[in-house]
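Asker: structure of the sequence below:
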Amino acid sequence: MRLGLMAVPVTFFALFFGYPVATIVGRGLREDGRWQFGRAAEVLTSPDTLDVLWFTVWQAAASTALTLLVALPGAYALARFDFPGKRLLRAVVTVPFVLPTVVVGSAFLALVGRGGVLDEAWGLRLDTSVWAILLAHVFFNYAVVVRTVGGLWSQLDPRQEEAARVLGAGRFTAWRRITLPALVPAVAAAALMVFLFTFTSFGVIQVLGGARYATLEVEIYRQTAQFLDLPTAAVLSLLQLAAVAAMLAVHAWTVRRRESALRLVAAEHAARRPRGVGQWAFLWSQLLIVAVLLVLPLAVLVERSLSAPGGYGLAFYRALAEQADASSAFVVPPLEAVGNSLAYAAVATLIAVAVGTLAAAALTRRAGPLVRGFDALLMLPLGVSAVTVGFGFLITLDEPPLDLRSSWILVPLAQALVGVPFVVRTMLPVLRAVDERLREAAAVLGASPWRAWREVDLPLVSRAGLIAAGFAFAVSLGEFGATVFIARPDSPTLPVAVARLLGRAGEYNYGMAMALSTILMLVCAGVLLLLERVRVNRSGEF
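Answerer: Numbering: from 1, shown residues only. Take a look at the predicted model:
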């Protein structure tokens with residue numbers, strides 16, 4: 001039964017992830033039928049590679065530490081306090097995470113770049129410094145810490161800490177000895193996820209780093225797209241893959257430890273209204289941080305989209321619908337990217353939900369190394385170079401029976417690879433919570449495994465399925481690294497269109513990039529608000 005459930009996800013990942021990645025790496029490391037291991041050693045020991053690797057690790061570590069410092073108090077506030085607008089706030093803090101990184105970069109460019117708000121007000125520019133990159137990473141990953149740590153924190157029984165205080169322990173001592181040990185696995189898991197996302201950062205570095213800063217992912221893109229140096233790109237891809245595999249192994253260990261070591265209560269039993277001036281002041285301080293760090297960049301994005309040469313208005317939005325001319329970066333009106341993205345994301349969501357649900361069902365019962373390896377396989381697309389995947393699509397899926405290079409389905413397939421991990425992580429806790437005795441009773445009464453799943457599991461997990469579909473849709477909308485290679489010129493997606501516009505000079509190109517970014521932000525925010533309305537289980541990572 002388990003192997004049957006795993007068959008479709010394994011086949012999907014083998015065809016559309018393993019095969020393209022292995023092929024592109026193989027082509028880069030082979031010449032005249034021979035493996036060029038000397039080339040690999042040359043690239044790995046190159047001073048340029050060591051510089052890129054050092055910056056990749058350094059900025060990921062700094063971004064992770066800064067994100068934890070800023071987001072952990074916010075996780076506590078959302079976990080332990082009940083206040084008006086909490087559901088809206090949860091959606092707001094999650095919007096940056098589902099935005100494409102190129103839009104995150106453009107939001108901070110409008111805030112701290114040349115002609116940005118800070119530049120106009122105080123002559124302060126940060127786009128040429130590493131601080132813009134670090135702040136953008138905190139903006140992007142704040143929700144990872146809040147969702148991962150806050151989701152667990154909201155289910156820790158506060159009566160244990162209260163009992164310690166009754167026995168004479170101080171507030172800090174009770175927290176350090178009771179709550180902190182329970183939170184350590186969740187904090188470690190969140191830190192590893194943030195480190196993973198910042199280690200493989202692409203769009204933020206592309207927009208804010210310029211030619212001065214490059215992560216491994218950016219360098220892979222440069223070597224592939226600009227210099228056509230496949231051997232160097234292949235070695236860098238393997239280096240990044242090895243680092244990501246090690247991080248995912250550690251992440252899987254922390255998740256298993258968290259699941260086996262904790263007793264949880266319903267989230268509604270742990271949250272309460274703030275009491276006293278101190279708690280209200282703390283809550284308002286966290287709301288202020290959210291307003292400055294998360295809402296302000298998005299507000300500036302909207303303001304720049306409305307700030308046309310003749311004054312505030314919709315000129316940039318109207319320009320999106322104008323037919324492209326010979327000097328344009330597009331062969332179709334940029335506004336068509338909205339419809340393309342929605343259509344691609346819808347198909348990608350269907351694929352991701354189908355594959356991800358089967359994978360989650362296979363993982364429901366804990367097992368040995370085979371299933372743990374399968375779980376790690378599902379997470380790999382979040383960390384492996386999307387550039388490598390996209391370029392691999394172009395050079396592998398061009399012959400029968402998988403001649404898809406000119407097909408529209410190529411983009412949804414790439415987007416689904418990123419959506420599947422979110423479906424699995426959303427569905428898995430709910431599927432594991434289904435009482436096994438219900439399935440056994442259905443089997444005793446003569447139900448087949450398929451009928452038992454349809455009549456027992458499906459009604460219980462349908463709401464989680466809607467949430468998983470919403471996350472997959474939002475993440476698919478924002479996929480950029482692979483799509484930038486495979487999106488056809490006459491069918492660009494929103495992130496690709498934004499990147500093209502930002503790459504061209506001119507006030508109208510910049511304004512249209514801000515307008516498209518605003519449209520994408522509003523669509524993602526709407527999806528997340530709908531998810532909060534149907535969300536009932538606050539556990540899990542997303």
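
Asker: below-threshold pLDDT in the stretch 301-450 of the chain: ranges please.
Answerer: With pLDDT under 70 as the threshold, the stretch 301-450 of the chain has low-confidence stretches at 323-331, 365-372, 383, 429, 433-435.

Asker: and the strands in it?
Answerer: Using DSSP state E, counting those that start in this stretch, the strands of the stretch 301-450 of the chain run over residues 307-308, 311-312, 398-399, 402-403.

Asker: same list (those strands) but as TSV, adding distance to residue 378.
Answerer: (Each C-beta comes from the backbone N, C-alpha and C, glycine too.) Shown next, in TSV, are those (distance: least, CB to CB, whole Å):
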stretch	distance to residue 378
strand 307-308	43
strand 311-312	46
strand 398-399	26
strand 402-403	21
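
Asker: of those, which stretch is the most buried?
Answerer: Comparing those by mean neighbour count (mean count of other CB atoms under 10 Å), strand 307-308 ranks first with a mean of 18.

Asker: packing partners for that strand?
Answerer: Packing partners of strand 307-308 (3 or more CB pairs under 8 Å, 6 or more residues apart in numbering; DSSP states H and E): none among the helices and strands.

Asker: okay, now the unreliable bits of the stretch 1-150 of the chain?
Answerer: 1-3, 31-33, 128.

Asker: between the strands of the stretch 301-450 of the chain, which one is nearest to residue 222?
Answerer: Closest approach to residue 222 among the strands of the stretch 301-450 of the chain (CB to CB): strand 398-399, 23.8 Å.

Asker: what are the pairing partners of that closest one, and which direction each?
Answerer: In the sheet, strand 398-399 lines up against strand 402-403 (antiparallel) (DSSP bridges).

Asker: how far does the strand it pairs with sit from the chain's center?
Answerer: Relative to the centre of its chain, strand 402-403 is centred 29 Å away, using CA atoms, centre = their mean, to the nearest Å.

Asker: residues making contact with it?
Answerer: Contacting residues not belonging to strand 402-403 are listed as 15, 396, 397 [CB atoms under 8 Å, 6 or more residues apart in numbering].

Asker: by neighbours, which of the residues you listed wins?
Answerer: Sorting those by how many neighbours each has (other CB atoms under 10 Å) puts residue 397 first, at 22 neighbours.

Asker: could you check how far that residue is from residue 24?
Answerer: Applying CB to CB, to the nearest Å, the value for residue 397 to residue 24 is 12 Å.

Asker: again with residue 524
Answerer: Residue 524 is 30 Å from residue 24, by CB to CB.

Asker: circling back to that earlier point, just the ones in helices from the contacts of strand 402-403, please.
Answerer: residue 396 (DSSP state H).

Asker: put the alpha carbons of stretch 238-253 into PDB.
Answerer: Extracted C-alpha coordinates of stretch 238-253, given in PDB (Å, rounded to 0.1, in the frame of the first residue of the first chain):
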ATOM      1  CA  LEU A 238      26.800  19.900  -6.800                       C
ATOM      2  CA  LEU A 239      28.400  22.000  -4.100                       C
ATOM      3  CA  GLN A 240      25.000  23.600  -3.300                       C
ATOM      4  CA  LEU A 241      23.200  20.300  -3.500                       C
ATOM      5  CA  ALA A 242      25.600  18.700  -1.000                       C
ATOM      6  CA  ALA A 243      25.100  21.700   1.400                       C
ATOM      7  CA  VAL A 244      21.300  21.600   1.100                       C
ATOM      8  CA  ALA A 245      21.200  17.800   1.600                       C
ATOM      9  CA  ALA A 246      23.200  18.100   4.800                       C
ATOM     10  CA  MET A 247      20.800  20.900   6.000                       C
ATOM     11  CA  LEU A 248      17.700  18.800   5.200                       C
ATOM     12  CA  ALA A 249      19.100  15.900   7.100                       C
ATOM     13  CA  VAL A 250      19.600  18.000  10.200                       C
ATOM     14  CA  HIS A 251      16.100  19.500   9.700                       C
ATOM     15  CA  ALA A 252      14.500  16.100   9.500                       C
ATOM     16  CA  TRP A 253      16.200  15.100  12.700                       C
END
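
Asker: coming back round to it: from the contacts of strand 402-403, pick the one nearest residue 41.
Answerer: residue 396 (26.6 Å).

Asker: give the contact list for the closest one.
Answerer: Taking CB under 8 Å, 6+ apart as the test, what residue 396 contacts is 19, 20, 23, 24, 402.

Asker: nearest to residue 449 among the contacts of strand 402-403?
Answerer: Closest to residue 449, out of all of those and judged by CB to CB, is residue 15, at 25.8 Å.

Asker: skipping its backbone neighbours, what lies nearest the closest one in space?
Answerer: Of all residues not flanking residue 15 in the chain, residue 402 sits nearest, at 7.1 Å (CB to CB, 6 or more residues apart in numbering).

Asker: for residue 108, same thing?
Answerer: Nearest non-adjacent residue to residue 108 (CB to CB, 6+ apart): residue 136, at 4.6 Å.

Asker: what is the neighbour count of the one you found?
Answerer: 30.

Asker: name the SS class of it, please.
Answerer: Here residue 136 is recorded as helix under DSSP: H, G, I helix; E, B strand; the rest coil.

Asker: and residue 203, what does it touch?
Answerer: 100, 101, 102, 103, 104, 105, 480, 481, 495, 499.

Asker: against residue 342, how distant is the fourth one?
Answerer: Going back to what we said before, that points to residue 103. 16 Å.

Asker: residue 206 now?
Answerer: For residue 206, the distance to residue 342 - CB to CB - is 24 Å.

Asker: what of residue 279?
Answerer: On the measure of CB to CB, residue 279 and residue 342 end up 43 Å apart.

Asker: ok, residue 425 next?
Answerer: Applying CB to CB, the value for residue 425 to residue 342 is 24 Å.

Asker: output the longest helix belonging to this structure.
Answerer: helix 47-80.
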